[in-house]
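Trainee: Give me the fold of what follows.
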Amino acid sequence: MTTTSPCEGTGRRSDQDILDEIEDVALPSIAGVDTSLVRAAVDNGRVLLVGRLDWDSHAPLVGHVVAGVPGVVAVANRIRCTWDDVTRFPRHPHLPRRWGWRC
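Mentor: Okay, here's the model as predicted:
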């Protein structure tokens with residue numbers, strides 16, 4: 001008895017095929033980013049990324065690369081980062097905007 005994938009013949013990729021491509025091709029192909037601590041889970045083409053990266057600016061890059069894998073319909077990026085290199089607040093919110101400005 002042969003079993004077939006529920007996606008076979010429909011033009012859709014199986015979740016295992018998508019996961020294999022993410023882990024074996026997409027994540028290792030990102031130059032300059034250590035993705036050894038990133039894990040992925042796939043459910044009906046929706047990808048959940050978890051793990052840790054060195055720099056905060058690398059997390060959106062990893063999500064963008066994974067979103068480009070054929071068969072991926074959505075990416076939930078839950079990757080945490082060790083170092084924050086993205087400036088969230090370019091200035092302190094309680095300081096005046098211009099020097100010499102009087103309250």
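Trainee: okay, now residue 82: neighbour count?
Mentor: Neighbour count of residue 82, defined by other C-beta atoms under 10 Å: 10. Glycine gets a C-beta too; all of them are placed from N, C-alpha and C.
Trainee: With residue 75 instead?
Mentor: Neighbours of residue 75 under the rule other C-beta under 10 Å: 20.
Trainee: How about the contacts made by it?
Mentor: Counting by C-beta atoms under 8 Å, 6 or more residues apart in numbering, residue 75 touches 46-47, 49, 63, 66-67.
Trainee: for those, which one is nearest residue 22?
Mentor: Nearest to residue 22 among the contacts of residue 75 is residue 66, at 5.7 Å by C-beta to C-beta.
Trainee: quick one: which two of the contacts of residue 75 are the most distant?
Mentor: The farthest-apart pair in the contacts of residue 75, when distances are taken by C-beta to C-beta, is 46 and 63, at 12.7 Å.
Trainee: Which one's more surrounded, these two?
Mentor: When residue 46 and residue 63 are compared for neighbours, residue 63 comes out ahead with 17 against 14, by other C-beta under 10 Å.
Trainee: hang on, that one in a helix?
Mentor: Yes - secondary structure of residue 63 (DSSP: H, G, I helix; E, B strand; the rest coil): part of a helix.
Trainee: what's the nearest residue to it if we skip its chain neighbours?
Mentor: Nearest residue to residue 63 in three dimensions, chain neighbours excluded: residue 77, at 4.0 Å (C-beta to C-beta, 6 or more residues apart in numbering).
Trainee: Near that neighbour, how many other residues are there?
Mentor: There are 16 residues near residue 77, going by other C-beta under 10 Å.
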